[in-house]
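Engineer: Could you look at this predicted model? Sequence included:
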Amino acid sequence: MSVMQKQISLDETLAKDIVNAVVSSMSHTFNVDVKPGNTEYGEGMVSLGGDISGIIGLVQDQLDGTLILCMPFETLREILPHVLGKTVEITHEMATDAVGELTNMIFGQVKRELNLRSHQIKLGVPCVVSGKGHFVCQFYRGRNMIVPFHLDGKMFQVYVGLNDSVAEGPRR
């Protein structure tokens, strides 16, 4: 007997899953406290700015979606010494690897929570994009949500975009 698959909703429950995953990952990995900001909901194309972005597909039957973690290099330069040591010079390659790992950790926790609610999300193929001040443009014409986080005065974001033909959630 197969389990009925539920469609993902861009709602406060998903935002809470993201917040919990980011706060937990940052706390356990780097021993730092991050503060979530107010979740923003939108529609259409979005440009996200940052220096390093981890991108992973949300894979579900008949679902097109993306989860993106966008971080400034300076934030990574401040938190990586917590695990690598204060005397290690943080390189761009180290920061890129860290964003890839963080994206996987966050996605894994969000995926687990979604699957507990019968969403049947599969592991997507992650990638990392980097470059000072780069922009990641999502061409989904559907709905999206951005959850901002603050760490010592610096902001980073987690974005989720879903194709409008399958996405449910509040229109704001």
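Structural biologist: Okay, I see it.

Engineer: doesn't residue 7 make contact with residue 117?
Structural biologist: No. Using CB atoms under 8 Å, residue 117 is not in contact with residue 7, being 10.9 Å away. Glycine gets a C-beta too; all of them are placed from N, C-alpha and C.

Engineer: Of all the residues in the strand or helix carrying residue 144, which ones are buried?
Structural biologist: Using DSSP states H and E, residue 144 sits in strand 143-151. Residues of strand 143-151 classed as buried by neighbour count (16 or more other CB atoms under 10 Å): 143, 144, 145, 146, 147, 148, 149, 151.

Engineer: And stretch 14-24, by the same measure?
Structural biologist: Buried, per 16+ other CB under 10 Å, within stretch 14-24: 14, 15, 17, 18, 19, 21, 22, 23.

Engineer: Just checking: what are the partner strands of the strand holding residue 144?
Structural biologist: Strand 143-151 has its sheet partners listed here by DSSP bridges as strand 35-36 (antiparallel), strand 40-43 (antiparallel), strand 154-162 (antiparallel).

Engineer: Beyond the second one, next helix or strand please.
Structural biologist: In this case it means strand 40-43. Next element after strand 40-43 (DSSP H and E): strand 46-60.

Engineer: ok, residues contacting the very next helix or strand once past that next one?
Structural biologist: As assigned by DSSP H and E, the chain's next helix or strand after strand 46-60 is strand 63-71. With contact meaning CB atoms under 8 Å, 6 or more residues apart in numbering, strand 63-71 is reached by 7-8, 48-59, 99, 102-103, 106-107, 110, 124, 136, 138, 140, 156-163, 166-167.
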